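S.K.: Okay, sequence plus prediction incoming.
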Amino acid sequence: MKYIGITPEGFLPGEECLIAVLLDHGLDRLHLRKPGASHHEVEQLLRTIPDRCYSRIVLHDHFELAATYRLAGVHLNRRNPEPPAPADGYTPALSRSCHTIAELAHGEGYAYQFLSPLFDSISKQGYTAGFIPDELTEAASQGIIGERVIALGGITPERMAAVRAWHFGGVALLGYLWQAPTPEGVVARLKRIRTV
């Protein structure tokens, strides 16, 4: 199972340290998602993150920085639906957001796809589950949900058994992960969700 972290929209004090410690303690990928941030602000954050982490960081905005820093990839979404052109021999891995089971069927060319919101969101008020359990069970039985589909939305340790039963290849963590934004806090939360 893959464990992917998504940054909060705003900047956290010492966020570069939190990102590094998570990647050093079992997080497979970190999605840098700052939809309101400028190119300069995102680049400033990247410059403070140890370069050993770059190969596991995915951008949601300002895709040109992925080539500059040789990051793991870019994530396509409603704001940025088109991949960047290859630059300097660099072609980023692609991932994308999906909000229906039908969208998953067109997943060729993507390293993985997020399916959300699986459960009621922790970080977004009023963002409720988009699927009923029977729908997910059926998609899993048909092989639509598999190792390249990542569950997103309201992921907590208590919900991991259901995520596994539906055959998701991993989870993307946002609200749960950042509730204790200290190095010890984020590592404890990651370890807890990895061991259930």
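M.R.: On my side now, so go ahead.

S.K.: Helices of this structure, start to end?
M.R.: Using DSSP state H, the helices found in the chain span residues 15-24, 39-48, 64-69, 101-104, 133-141, 160-165, 183-194.

S.K.: How far does the shortest one sit from its chain's centre?
M.R.: Mean C-alpha position of helix 101-104 versus that of the full chain (CA atoms, centre = their mean, to the nearest Å) differs by 18 Å.

S.K.: got the contact list for it?
M.R.: Contacts to helix 101-104, defined as CB atoms under 8 Å, 6 or more residues apart in numbering, come from residues 98, 113, 115, 131, 135, 139, 144-145, 149. To be clear about C-beta, it is placed using only N, CA and C from the backbone, and glycine gets the same treatment.

S.K.: Most tightly packed of the helices of the chain?
M.R.: Comparing the helices of the chain by mean neighbour count (mean count of other CB atoms under 10 Å), helix 15-24 ranks first with a mean of 19.

S.K.: Just the CA trace of it, in CSV.
M.R.: C-alpha atoms of helix 15-24 as CSV (Å, rounded to 0.1, in the frame of the first residue of the first chain):
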residue,chain,number,x,y,z
GLU,A,15,6.8,22.9,6.8
GLU,A,16,10.0,22.0,5.0
CYS,A,17,11.1,20.0,8.1
LEU,A,18,7.8,18.3,8.4
ILE,A,19,7.9,17.3,4.7
ALA,A,20,11.5,15.9,5.1
VAL,A,21,10.7,14.0,8.3
LEU,A,22,7.6,12.4,6.8
LEU,A,23,9.5,11.3,3.7
ASP,A,24,12.3,10.0,6.0
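
S.K.: And the contacts of it?
M.R.: By CB under 8 Å, 6+ apart, the residues outside helix 15-24 that reach it are 5, 7, 12, 30, 45, 48-50, 53, 56-57, 177, 181-183, 186-187, 190.
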